[in-house]
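**Student:** Provided below are the primary sequence and the corresponding predicted coordinates.
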Amino acid sequence: MTEALLALWDGAFGSSYAIWSATLVRSAPLLWLGLGVALAFRAGVLNIGAEGQFLMGAIGATAVAQVVGRSVPGLVMIPLMALVGGVAGAGWAGIAAWLRQRFGVLEVISTIMLNFIALATIGWMVRGPLQEPTRIYPQSAEIPWSAQWPFLIPGQRLHLGFVLGLLACAIAWVVLTRTATGFRIRAVGASPSAATSAGQIDVGRTVMRVFLVSGACAGLAGAAEVGGVTWALYEGISPGYGYTAIAVALLARLHPGWIVVSAIFFGALEAGASAMQRDAGVPSVVVQVIVAVIILGVLAGSQRRTRVDALRVRAGSGR
Amino acid sequence: MEALLIPFLDATIRTATPLAYAALGELVTERSGVINIGMEGIIIAGCLGGLVAAGAGGAAMGFLGGALAGAGMAAIFAFFVLRLRADAIITGTALTLLGLGLTGTLYRGLFGLEGAALGTPSIAPIALPGLSSLPLVGPVFFTQTGMTYLLYLFVPALAWWLARTQAGLALRAVGESRAAALAAGLDVQRLRWGAILFGGAMGGLCGATLVLAQVGTFTEGMSAGRGFIAIAIVVLGRWRTVGTTLAALIFGGAFALQYLLQAAGWALPYHLFLALPYLLTLILLAALRGRAEAPAELASQESWSRA
C-alpha cells in the first residue's frame, strides 16, 4: 500500500521530469477537454462525448499532417492541425447537436454512441487509409517534423498545447463572466424556459453554438496530443481522457479558472498511476475508480449544501 | 438461403437475450420516473459478479451473483439520486466509470494479468422436446439457453404486472406524476428504490448471461455499450413491455449481422460492422422523434436530469 502510494507520488511530482514531462503533459488534454465539458454543462448540454470528439480531432490532425505536412513549414502546419482537429471535433459534436435540435434525441445517449463509432473509425483508419507504409502495425506513420509541436523547455516534454489550453481557460473565463454571450450561456443552463420568456434568448441557437465550441475544444485536445505527444495515430491514444474530463469539470465546479487546478490534479493522478503500475504492479484502471469516487463525492457535497440553502430559504420565508 | 437464415435468427435471439434483460430492467426503473444512465456500470458489475460466483458455486450461483452485483451498484445510484437528490445523469455517468474501473481492477487483482478463468462454468442451449423439431421456429426459438426460456415467461408476467396489479399501477402513477402519487398517499421513495434495485438486478442478470451463456469468459469493458443501448431500446419500445422486447430483438439482429457478415468473409472493413449497432441506435432514435409516450416525470427536459 505505502509502496504503491510512494510510486504514485514519485510518478507525479517526484522529480522535475515527473512534473514537466509526465504530470503537465497529461494535464494538457485535460485542460482542453475539461473546459469543453464545463462549457457544455454550463449551458445545460450534457456532452458525454468528449472522448469521441477527441479521437476525431486526432484523426483529422493526423490526416492533414500526413497529406500536406511535408510541403508546408511548421508555422503554417501547426495552426492548420489545430484548425482541422477543432473542426473535426466540432463536426462530431454537431451530429449530436443536430439530433437533439431536429429530432429531440437525448444528447447523453447520442454522444456516447458517437464515442463508440469514433473508436471504430480510428480502428479502421489505422488499418486502412492512415496505416503506416509497411502495413504491419495498426498505427499511422510518424507525422512529419514540421507537424510536431514545439517543446517549451529544453529536455522536457511539455508542449505548446498546454500553454494554449491555459490561454483557452482564461478566454473562456472572460467570456463567461464578462460578456453577453456568457450571460446567455449561463441563462440557458439555469432555465431554458426563463431564458426564452424573460431574456428573449434563442435557446436553440445558444445550445447549438455551445455544443460546437465544446466539441471544438475536445477536437483541439486530440490535435495537440498527436502534434505534441504521440506524433502518430493509434487506437489507444486516449486512456479515457474524455471521461476523466467530466470529473475535471465537475471538481472545478464548471469554473474555467478552477479547471486549470483540477486538470493538473487529474494529470498528476494519471501520471502517478502509470508509474504505480510500472513500479508497484497496481493496475492503472484504478484511476477510473478514483475518478468515479471523486465525481460522487462532489455530487454528495454540493447536494448537501444546496439542501441546507433550501432549508434556510424555507425557514426564512416562513417567518 | 435457409443455411444462412437459421444461424442468423438463432444468433439474433441469443444476443438479444441479455439486451432484453437489461432493457426490461431499465423499463421498470424509467416507469417509476427515474432514468438510470449507469446501466453500463451495472452490466459490467454483473459480468464480474457472475464470473466470480459461478467459479465458486456453479452456473446457478453465477446468475445469483450477477443479479446481486447489479443490485448493489443500483443501490449506490438510488442512494445518491433518491436520498441525496443528486443529478441522475451525472450520478449514472459516475456509476458507469465506477463499474468499468472497479471490475478492471478487481479482475486483475483476482486473476492476475494473464486473466482468463478458463474453467468458467457455462450453460449450454437446451433443445425443448417436440417444439425444437418444428421447421424454422424450432431451431431459432426452442434451442436456446434457459435464460431465453425464462425470458419467454417473464415478458408476459411483467406486462401483466404493470397493467393489471395494484403495485404495477402504483409504479406507473409515480412515473406519471410524483405530486399526484404523493397526494394519493403512495410511498414514492420506496417505490422508486424498488424499481431501481429491480432494474439493477436485471442489468446484473444481463451481465451474467453475457459471461455464462454467450462469451464464456470475462474481458475488461466487455459490456461494450450495452447499457446505453438498453436505454435506447426502451425509447424504441415506447416504454412498453412487449415493444421493448421486440426492440431488443432488432438490436440483437444488428449484433448478429456483425457476426454473420464477419463469418461470411465480407469484403467491407470489419470496423464498419463494429459501429453498426451504435449507428442503428442513432438512426432509430432520430426516426422515433418525440417523447410523447415517455412517462411524464421523464418527459420534461428538466426532469431528465433531476429525478
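**Tutor:** Nice, I can see it.

**Student:** check contacts around residue B:259.
**Tutor:** Taking Cβ atoms under 8 Å, 6 or more residues apart in numbering or on different chains as the contact definition, residue B:259 lies against residue B:11. Where C-beta positions appear, they are placed from N, C-alpha and C, glycine not excepted.

**Student:** Remind me which helix or strand it belongs to.
**Tutor:** If you go by DSSP states H and E, residue B:259 is part of helix B:241-263.

**Student:** Kindly format the C-alpha coordinates of that helix as PDB.
**Tutor:** Below are the C-alpha coordinates for helix B:241-263, written out as PDB (Å, rounded to 0.1, in the frame of the first residue of the first chain):
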ATOM      1  CA  THR B 241     -43.000  -4.400 -22.200                       C
ATOM      2  CA  VAL B 242     -43.700  -6.100 -25.500                       C
ATOM      3  CA  GLY B 243     -42.400  -3.200 -27.500                       C
ATOM      4  CA  THR B 244     -39.200  -3.200 -25.600                       C
ATOM      5  CA  THR B 245     -38.700  -6.900 -26.100                       C
ATOM      6  CA  LEU B 246     -39.200  -6.500 -29.800                       C
ATOM      7  CA  ALA B 247     -36.800  -3.600 -29.900                       C
ATOM      8  CA  ALA B 248     -34.300  -5.800 -28.100                       C
ATOM      9  CA  LEU B 249     -34.700  -8.300 -31.000                       C
ATOM     10  CA  ILE B 250     -33.800  -5.600 -33.600                       C
ATOM     11  CA  PHE B 251     -30.600  -4.800 -31.700                       C
ATOM     12  CA  GLY B 252     -29.900  -8.500 -31.300                       C
ATOM     13  CA  GLY B 253     -30.200  -8.700 -35.100                       C
ATOM     14  CA  ALA B 254     -27.700  -5.800 -35.500                       C
ATOM     15  CA  PHE B 255     -25.100  -7.700 -33.400                       C
ATOM     16  CA  ALA B 256     -25.900 -11.000 -35.100                       C
ATOM     17  CA  LEU B 257     -25.500  -9.400 -38.600                       C
ATOM     18  CA  GLN B 258     -22.000  -8.400 -37.500                       C
ATOM     19  CA  TYR B 259     -21.000 -12.000 -36.600                       C
ATOM     20  CA  LEU B 260     -22.700 -13.300 -39.800                       C
ATOM     21  CA  LEU B 261     -21.000 -11.000 -42.200                       C
ATOM     22  CA  GLN B 262     -17.700 -11.500 -40.500                       C
ATOM     23  CA  ALA B 263     -18.000 -15.200 -40.800                       C
END
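
**Student:** So for the helix or strand that it is followed by, what gets flagged as buried?
**Tutor:** Next along the chain after helix B:241-263, taking DSSP H and E as the criterion, comes helix B:270-287. Going by neighbour count (16 or more other Cβ atoms under 10 Å in any protein chain shown), the buried part of helix B:270-287 is B:271-282, B:284-286.

**Student:** Report the rounded mean pLDDT for stretch A:112-123.
**Tutor:** When pLDDT is averaged over stretch A:112-123, the result is 93.

**Student:** which other residues reach it?
**Tutor:** Contacts of stretch A:112-123 (Cβ under 8 Å, 6+ apart): A:48-49, A:51-53, A:55-56, A:58-59, A:92, A:95-96, A:138, A:233, A:235, A:237, A:242, B:224-225, B:228, B:232, B:271-272, B:274-275, B:278-279, B:281-282.

**Student:** 6 Å instead?
**Tutor:** Applying Cβ atoms under 6 Å, 6 or more residues apart in numbering or on different chains, the external contacts of stretch A:112-123 come out as A:48-49, A:51-52, A:55-56, A:235, B:225, B:228, B:271, B:274-275, B:278, B:281-282.

**Student:** residues of stretch B:242-249 that come out buried?
**Tutor:** B:243, B:244, B:245, B:246, B:247, B:248, B:249.

**Student:** check whether that stretch contacts chain A.
**Tutor:** No. Judged by Cβ under 6 Å from any Cβ of the partner chain, stretch B:242-249 and chain A are separated, with a smallest distance of 13.8 Å.

**Student:** For that stretch, give me every contacting residue.
**Tutor:** For stretch B:242-249, the surrounding residues in contact (Cβ under 6 Å, 6+ apart) are B:16, B:19, B:20, B:23, B:27, B:155, B:233, B:234, B:236, B:237.

**Student:** The same query, at a cut-off of 7 Å, please.
**Tutor:** B:12, B:16, B:19-20, B:23-24, B:27, B:155, B:159, B:233-234, B:236-237 (Cβ atoms under 7 Å, 6 or more residues apart in numbering or on different chains).

**Student:** cool, and stretch B:91-104?
**Tutor:** With Cβ under 7 Å, 6+ apart as the criterion, stretch B:91-104 contacts A:48, A:243, A:246, A:283, A:285-286, A:288-289, A:291-292, A:295-296, A:299, B:36-38, B:40-42, B:44-45, B:47-48, B:73, B:76-77, B:80-81, B:220-221, B:227.

**Student:** buried stuff in that stretch?
**Tutor:** Using 16+ other Cβ under 10 Å as the test for burial, stretch B:91-104 gives B:91-104.

**Student:** likewise stretch A:204-223?
**Tutor:** For stretch A:204-223, the neighbour count (16+ other Cβ under 10 Å) marks A:206-223 as buried.

**Student:** what residue ranges in chain B score low on pLDDT?
**Tutor:** B:1-2, B:113-119, B:262, B:265-268, B:289-293, B:299-307 (pLDDT under 70).

**Student:** Please, which helix or strand holds the residue of it found nearest chain A?
**Tutor:** Closest residue of chain B to chain A, Cβ to the nearest Cβ: residue B:101 (2.8 Å). Element membership for residue B:101, per DSSP H and E: helix B:88-111.

**Student:** The residue nearest to residue A:152 when sequence neighbours are not counted and residue A:143: what is the separation?
**Tutor:** In space, and not counting its chain neighbours, residue A:152 is closest to residue A:158: 4.9 Å by Cβ to Cβ, 6 or more residues apart in numbering or on different chains. Remark: distance between residue A:158 and residue A:143 (Cβ to Cβ, to the nearest Å) = 19 Å.

**Student:** and residue A:234, backbone torsions?
**Tutor:** phi -150, psi 170 (degrees, to the nearest 10).

**Student:** Quick check, it in contact with residue A:125.
**Tutor:** No. Using Cβ atoms under 7 Å, residue A:234 makes no contact with residue A:125, being 9.8 Å away.

**Student:** Who has more neighbours out of the two?
**Tutor:** residue A:125 (23 against 18; other Cβ atoms under 10 Å in any protein chain shown).

**Student:** Nice, that's everything, thank you.
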